[in-house]
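> Fold the following for me, if possible:
(chains A and B)
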Amino acid sequence: MVRQARSEATRKKIITSAVELFNEIGYPATGLGDIIERAEMTKGALYYHFDSKESLATAIIEEGSTRLAEAFRNISSSSAPALEGMIHGVFVVADLMLTDQIARSGTQLLRAFGEFNDVAERTYSGWTAEMTGRTRQAIDEGDVRAELDPQAIGETIVGAMLGVELLASAITAGADVLQRVTRAWQVLLPGIVSQESLAYFEEFLARESMRHSPAPLAE
Amino acid sequence: MTEQPDRRADTTRQQILRAASRQFARRSYSLVSLDDILADAEVTKGAMYFHFRSKHALAAAIIELRFVVASASVDELLARKLSGLETLIDIVYLVAVEDISDEIARAGLNLLESIGRTDGLQADVLGQWVVAFAAIAGKAIKDGDIISDRDPHDIARILVSMYLGLRQTSNLAEPEQFLRDLENMWTLALPGFVDPDRIDYLTQFIKRRTAVAQKKATPLAADALG
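I've put the predicted structure just below:
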């Protein structure tokens, strides 16, 4: 038990050090030697857990996307109507990306490695499936228009939010991601929400956006 | 090896608490006898007295258990980071759904009403609810939903009073009606402490909560007593 706990602590230390370095000087410039030095560890300890920089990156992607998916699921499986949970959940995920280094670093690595790594396919199709399921429920609840295809809506929302994150990272280093999330929902809502519910959701979004501004400074 | 008897004792204790909740959820405190609970729990008198010295001790343990579970649910709701007033509304709806559908929840509040007055139990438990609600109402003032010169403690006390009163005047065995009454309670109370500009939105928010709760709540089976 003690040994297991120590090994787990070592693994965490390696991940934290790697995330710090990736954020400071970028993934390509970071060598395994830098990570060993930052984590104050032996080469053997690092290789015991990760056989390459790529496997370390995969672990960060997995840890980061697990944290984000858990945060979203906690919100969207609540007693609230599904569309409320979807909107609020996206804000909570964006918030977490501003405050959680591993979540942020994982998202960036996912983008860099997407094409070469099957973790990307799993993560993205996981999000799409989650969003599509919630959309189905929102259709049942009368908030999303019944004539629309839930799969198409799920894909569009996930695509839009990934794009929002990409633009915010590229243009303002993520600082205005919450305002961008608000604007994306403003554009999406009239296309998907039923006539009776639209006014309510515009107000719901306005309140959500007000609570998140000014954007908290990333630490 | 030393864990085994502890775990067994724990299971027995849970078994007694569940059986007692089944009884106290459906009948008044004075009508439930320890023999009813013994028969339902399928444990010996000795086992029962090992865990609970009296019917009163057992009832107090249910109130305590319910309080712990409910506090955990409230923490979960707070972690969702909605606005203060939305969180308060969600908490009251959650309490209502559990009161309708869950034996321990129902028994906990029934017992708080019947035995709570005697040894300060009611003042203690409700006092803690009021403090927790007042903190959230304070947040709602900062959010701009509750008018700034209202006292959060007053609002907390009124919400707790209204819910406990509703349990008496409405019928938990009729979820549709009970939740409609809960909605009326909220919409009538809102103008007393909510910013007039926010009332339309919050009224919709409450209506939507009623609809979800009506789907979720399933009344306790009436014939579950052995």
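> what does stretch B:12-29 contact?
Here stretch B:12-29 makes contact (CB atoms under 8 Å, 6 or more residues apart in numbering or on different chains) with B:32, B:36-37, B:40-43, B:47-48, B:51-52, B:55, B:58-59, B:61-62, B:65, B:103-104, B:106-108, B:110-111, B:114-115, B:220, B:222, B:224-225. For glycine as for every other residue, the C-beta is placed from the backbone atoms N, C-alpha and C.
> what does chain B have sitting close to chain A?
Contacts of chain B with chain A, taken as CB under 8 Å from any CB of the partner chain, map to B:76-77, B:79-83, B:90, B:93-94, B:97, B:143, B:201, B:204, B:208-209, B:211-213, B:216.
> which ones among those are found in helices?
Secondary structure assignment by DSSP state H places B:76-77, B:79, B:90, B:93-94, B:97, B:143, B:201, B:204, B:208-209, B:211-213, B:216 of those in helices.
> By neighbour count, which of these wins?
In terms of neighbour count, residue B:209 stands highest of these at 26 neighbours, by other CB atoms under 10 Å in any protein chain shown.
> check contacts around the nearest residue to that residue once chain neighbours are set aside.
Nearest residue to residue B:209, sequence neighbours excluded (CB to CB, 6 or more residues apart in numbering or on different chains): residue B:93, at 4.8 Å. Residue B:93 makes contact with A:79, B:179, B:182, B:209, B:210, B:212, B:213 under the criterion CB under 8 Å, 6+ apart.
> Could you grab the helix/strand/coil label for the first one?
I take that to be residue A:79. Residue A:79 falls in the coil class when you classify it by DSSP: H, G, I helix; E, B strand; the rest coil.
> circling back to that earlier point, farthest-separated two in the contacts of residue B:93?
Using CB to CB, the pair of the contacts of residue B:93 lying farthest apart is A:79 and B:182, separated by 13.6 Å.
> Do you know the pLDDT at the most centrally placed residue in chain B?
Residue closest to the average C-alpha location in chain B (CA atoms, centre = their mean): residue B:95, at 4.7 Å. pLDDT, residue B:95: 95.
> Just to check, residue B:217 is in contact with residue B:175?
Yes. Between residue B:217 and residue B:175 there is a contact at 4.2 Å, judged by CB atoms under 8 Å.
> residues contacting the spatially most central residue of chain A?
Among the residues of chain A, the one closest to the centroid is residue A:68, at 4.6 Å (CA atoms, centre = their mean). By CB under 8 Å, 6+ apart, the contact set of residue A:68 is A:93, A:96, A:97, A:103, A:106, A:107.
> what's the answer for residue A:106, then?
Going by CB under 8 Å, 6+ apart, residue A:106 touches A:60, A:61, A:62, A:63, A:64, A:65, A:67, A:68.
> before we move on, what about residue A:202?
Residues near residue A:202 by CB under 8 Å, 6+ apart: A:186, A:189.
> can you check residue B:204 too?
If a contact means CB under 8 Å, 6+ apart, then residue B:204 has A:200, A:203 as its contacts.
> swap in residue B:170?
Residue B:170 touches B:177, B:178, B:181, B:182, counting by CB under 8 Å, 6+ apart.
> which of the residues you listed lies closest to chain A?
residue B:182 (13.6 Å; CB to the nearest CB).
> Which parts of chain B are helices?
Under DSSP H, chain B gives helices at B:3-26, B:34-41, B:45-51, B:55-79, B:84-101, B:103-114, B:121-143, B:152-169, B:175-193, B:199-216.
> My understanding was that residue A:89 contacts residue A:76; is that so?
Yes. Contact between residue A:89 and residue A:76 holds when scored by CB under 8 Å: they sit 4.5 Å apart.
> Where do the strands of chain A begin and end?
For chain A, no strands are identified by DSSP state E.
> interface residues of it facing chain B?
A:74-75, A:78-81, A:84, A:88, A:92, A:95, A:141, A:200, A:203-204, A:207, A:211.
> mind redoing it with 7 Å?
Neighbours of chain B within chain A, by CB under 7 Å from any CB of the partner chain: A:75, A:78, A:79, A:80, A:81, A:88, A:92, A:200, A:203, A:207, A:211.
> Give the burial count for the third one, as a bare number.
Same thing as residue A:79. Each residue near residue A:79 was counted by other CB under 10 Å, and the total is 16.
> How about the contacts made by the closest residue in space to it that isn't next to it in sequence?
Closest residue to residue A:79 apart from its sequence neighbours, by CB to CB, 6+ apart: residue B:212 at 5.8 Å. Residue B:212 makes contact with A:79, A:80, A:81, according to CB atoms under 7 Å, 6 or more residues apart in numbering or on different chains.
> State the pLDDT value of residue B:212.
The model's pLDDT for residue B:212 equals 92.
> so how far is residue B:63 from residue B:97?
Distance of residue B:97 to residue B:63, computed by CB to CB, to the nearest Å: 19 Å.
> And for residue B:88?
In terms of CB to CB, residue B:88 sits 22 Å off from residue B:63.
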